[in-house]
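K.L.:
here is my input, please return the structure:
(4 chains)
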There are 2 protein chains.
Amino acid sequence: MPRPLHIELKQNKPFDLLEEETHLSIARTAALLEHAMVQVLKPHGLTPTQYNVLRILRGAGDAGLCRNEIGARLLRPVPDVTRLLDRMTDQKLIGRAREDSDRRLVRTHITPKGLDVLARLDGPVRAFHKERLRGIGQQKLRQLSDTLAELRDPEK
Amino acid sequence: MPRPLHIELKQNKPFDLLEEETHLSIARTAALLEHAMVQVLKPHGLTPTQYNVLRILRGAGDAGLCRNEIGARLLRPVPDVTRLLDRMTDQKLIGRAREDSDRRLVRTHITPKGLDVLARLDGPVRAFHKERLRGIGQQKLRQLSDTLAELRDPEK
DNA sequence: TGACAATAGGTGTTTAAACACGTATATTTC
DNA sequence: GAAATATACGTGTTTAAACACCTATTGTCA
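P.N.:
You can find the predicted model right below:
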């Protein structure tokens, strides 16, 4: 039996609105997961968003993606993708090249160094995910993931 | 039927690890909820963390709480509670007073202005929570909240 | 085709987050 | 009861987030 959220946060009384408790529960869980993820990534010099960018660009292959497309795919949107990519370019994790066909576009792609960093993280990150969710059961995870997707759905 | 996360993020293939999908689903949902919450709070000049502080201090009553206790109860821990409270003091939302019995302690309490801001937010915030989770069903919400609590539980 | 709007990207500036370190008061230990 | 440890809070500094604004290129359509 897990600790109810209002006890976890040392509040006097339980929440009177289930919707509010659910929101806070999501926010709290995400904050703890992110904090743990920061610890996994820190030795490799990456923030969660930078890691997210590398994963996106590895998935995109050699063609890479333009800035806005990267921004749109980020788990957590940020309002200054340019300088996020600037910093990663400085670290030689990604590269950029102006497109000839449409000179407004700058295609960003992952470098060999970026791929290498990701490769060294794949194991630890998988282990982190599995360990952190140990004991929850596949069916429950499926249900959790689906309910969250339903919650995000703007078509509701 | 909600959109699967890998489609939402325009990825080519579904996730091969359910644990990873669940983590990302939580992070994504929390980011979207926080973004929406920022919009609700912005007209009142508060960030989500500042709102969180006010809620904590309203719950604590006249006695107030010391800095570390506030930090510990925050939904999303921050590494500089001092200046977070400094800024809120500047806005006259909270007040601080050194404790006589233990002169290391500084008790922080909510001001009438802080209570007033909260009072004007109670309605809109409740409405936001209910609207945003409309159509999910109490049983599903209960289950979601409980599974997340189980996931956070360090005693697993 | 020429004006206007839309798209893609970048810059400047203010504010807050993050991290390491520092000071004062209480508590513990020998 | 003096020294060491722990607790509570604050400060300095670097870095990134946030917001508004700006330029260049392409697309639209009267």
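K.L.:
show me what residue of chain A gets nearest to chain B.
P.N.:
A:Ala30 (3.3 Å; Cβ to the nearest Cβ). Yep, even glycine has a C-beta here, placed from its N, CA and C like the rest.
K.L.:
that residue: how many residues sit nearby?
P.N.:
24 (other Cβ atoms under 10 Å in any protein chain shown).
K.L.:
A:Ala63 too?
P.N.:
A:Ala63 - counted by other Cβ under 10 Å - has 8 other residues nearby.
K.L.:
hang on, isn't the residue of chain A closest to chain B packed against B:Ala30?
P.N.:
Yes. Between A:Ala30 and B:Ala30 there is a contact under Cβ atoms under 8 Å: 3.3 Å.
K.L.:
so which helix or strand takes in the residue of chain A closest to chain B?
P.N.:
Assessed by DSSP states H and E, A:Ala30 sits inside helix A:18-41.
K.L.:
for that helix, which helices and strands make contact with it?
P.N.:
Applying 3 or more Cβ pairs under 8 Å, 6 or more residues apart in numbering or on different chains; DSSP states H and E, one finds that helix A:18-41 contacts helix A:5-8, helix A:48-60, helix A:112-132, helix B:18-41, helix B:112-132, helix B:138-152.
K.L.:
quick check, the fourth one touching DNA strand C?
P.N.:
Going back to what we said before, that points to helix B:18-41. No. Taking Cβ under 7 Å from any atom of the strand as the criterion, helix B:18-41 and DNA strand C are apart, separated by no less than 11.2 Å.
K.L.:
for that helix, buried residues please.
P.N.:
For helix B:18-41, the neighbour count (16 or more other Cβ atoms under 10 Å in any protein chain shown) marks B:18-34, B:37, B:40-41 as buried.
K.L.:
one more: stretch A:47-63?
P.N.:
A:47-57, A:59-60.
K.L.:
contacting DNA strand D as well, which ones from the residues you listed?
P.N.:
Among the buried residues of stretch A:47-63, DNA strand D is touched by A:47, A:49 when using Cβ under 7 Å from any atom of the strand.
K.L.:
quick one: residues contacting A:Ala72.
P.N.:
Residues counted as contacts of A:Ala72 (Cβ atoms under 8 Å, 6 or more residues apart in numbering or on different chains) are B:Lys10.
K.L.:
mind checking the SS state of it?
P.N.:
helix (DSSP: H, G, I helix; E, B strand; the rest coil).
K.L.:
and what of the one 5 residues further on?
P.N.:
Using three-state DSSP, the secondary structure recorded for A:Pro77 is coil.
K.L.:
once you drop chain neighbours, what's closest to A:Lys92?
P.N.:
A:Lys113 (5.1 Å; Cβ to Cβ, 6 or more residues apart in numbering or on different chains).
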